[in-house]
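In: Just to be clear, the model below is a prediction. Sequence and coordinates:
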Amino acid sequence: MLALRVEREKAEDLRLELSRLNLLDSRRKFLVGDEFVEIPVLGMEGVDLAKWGAVSVEQEEPVERAEVYDPHKEIVDNLQIPDDLVGLLPKKWEMLGDVLILKLNEELREYDTEVAKVYAEVLGAATVLEDVGGVSEVIRKPDVRLLLGERTVATHRENGVLYKLDAKEIMFSSGNIDERIRMAKVCDDGDIVVDMFAGIGYFSLPMAVHSRPEKVYAVEINPVAFGFLEGNTKLNGVENVVEPILGDCLEMAPEGVATRVVMGYLSGQNYLPKAMRVIGERGTIHYHENCPNELLPDRPVGNVKDAARKEDRKIEVLNQRRIKSYAPGVSHVVLDVHVS
Ligand SMILES: C[S@@+](CC[C@H](N)C(=O)[O-])C[C@H]1O[C@@H](n2cnc3c(N)ncnc32)[C@H](O)[C@@H]1O
């Protein structure tokens, strides 16, 4: 078992060089002494030992790294499907509480029951849904197919917040996790928030649970999502702060009251003038948009400027964040905009 022994100060640079040459042996641990480090290697071709002042040693008692548990490997080991389909088994999935959502390649459909059973066993899911693709335009209902189990209502825990939802009816985008966490911290004490597209409480709940807004008006147009929103405010003990409102935010969002407005809807530019009216004397809008990368940041900034002009308000774009890639060449971004 070959290793290179080098002075501690030079170890990090040598590690980088060995990594570049693909010579690190990742199965063994580095041995760190008072003065020297032993770096496990697969070979020494192309390494100038003199330059590093390093010597090669045979490790008599190498320390193996603990193997990282890989559920996908266990799934592959437990599934009986033709060898040429194994490479098509999904390596990523969504888990909402104990409801698992899988995207399946068409060629795996013939084996979908078996595939669902083994994924459920290994990942501890009670129900498995296939994500057939896409979500509907306005209410964002996912297109899913039941593969295993019956119950599709799950309680998902994230960042100390509980989200109860029916995975057959309601989307939950795991790619937005950083934004949900950011929103948990963004509120100033005493903020009056209007969440214009509240869903089941994606942003309203972390704000109310982790910050100290005075009030969060959470407007949702889809009665199914609204039912869960109401339940989730109680589930998280924030029913005194979050006030769910059923209906179209264009009509139902209160005007002239907010210090903060959340617009977590990807086709929201027509709602920007309303958001400008929802803000009181001054405040901040968190405006989401799906935008081709080559039109960033001009298009979303332009949309905000147009709305401000229309409503005779002053704006300053404080920040623009890319939340995730939505499709090839298209990004989901959020702009923080100060309005006065
Ligand atoms: C895409 S979801 C929000 C997703 C969320 N940003 C996340 O992190 O997963 C947007 C929500 O806005 C709701 N919605 C759409 N148009 C609306 C409107 N005019 N007024 C109120 N809610 C609306 C939809 O029903 C949906 O629940």
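Out: That came through, no problem.
In: Can you pull the domain assignment for this structure?
Out: Here the domain assignment for the chain is 2-58, 71-151, 173-339, based on automatic domain parsing.
In: In CSV, list the ones you listed along with mean neighbour count and mean pLDDT.
Out: The C-beta positions use only the backbone N, C-alpha and C, and glycine is treated the same way. Shown next, in CSV, are the domains of the chain (neighbours: other CB atoms under 10 Å; pLDDT from 0 to 100):
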stretch, mean neighbour count, mean pLDDT
domain 2-58, 15, 90
domain 71-151, 16, 93
domain 173-339, 19, 97
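In: Can you lay out these as JSON lines showing distance to the ligand?
Out: As requested, those are exported to JSON lines (distance: least, CB to the nearest ligand atom, whole Å):
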{"stretch": "domain 2-58", "distance to the ligand": "36"}
{"stretch": "domain 71-151", "distance to the ligand": "4"}
{"stretch": "domain 173-339", "distance to the ligand": "3"}
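In: Now distance to residue 166 too, for those, in TSV please.
Out: Compiled in TSV, the domains of the chain are given as follows (distance: least, CB to CB, whole Å):
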stretch	distance to residue 166
domain 2-58	43
domain 71-151	9
domain 173-339	7
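In: for those domains, which one sits closest to residue 167?
Out: Minimum separation from residue 167 across these (CB to CB) falls at domain 71-151, 4.6 Å.
In: Can you show me the helices along the stretch 201-340 of the chain?
Out: Remark: helices assigned in the stretch 201-340 of the chain by DSSP state H, counting those that start in this stretch are 204-210, 223-235, 249-252, 272-278, 298-311.
In: dump the residue contacts of the closest residue to residue 111 other than its chain neighbours.
Out: In space, and not counting its chain neighbours, residue 111 is closest to residue 81: 5.0 Å by CB to CB, 6 or more residues apart in numbering. Going by CB atoms under 8 Å, 6 or more residues apart in numbering, residue 81 touches 89, 108, 111, 114, 115.
In: Of those, which belong to helices?
Out: Under the assignment DSSP state H, the contacts of residue 81 contribute 114, 115 to helices.
In: taking the contacts of residue 81 as a set, which two sit the farthest apart in space?
Out: Among the contacts of residue 81, 89 and 114 lie farthest apart (CB to CB), at 11.1 Å.
In: shared neighbours, the two?
Out: 79, 81.
In: before we move on, back to that, how far away is the residue nearest to residue 111 from residue 123?
Out: According to CB to CB, to the nearest Å, residue 81 stands 17 Å off from residue 123.
In: do the same with residue 23
Out: Distance of residue 23 to residue 123, given as CB to CB: 36 Å.
In: now do residue 304
Out: Counting by CB to CB, the gap from residue 304 to residue 123 is 42 Å.
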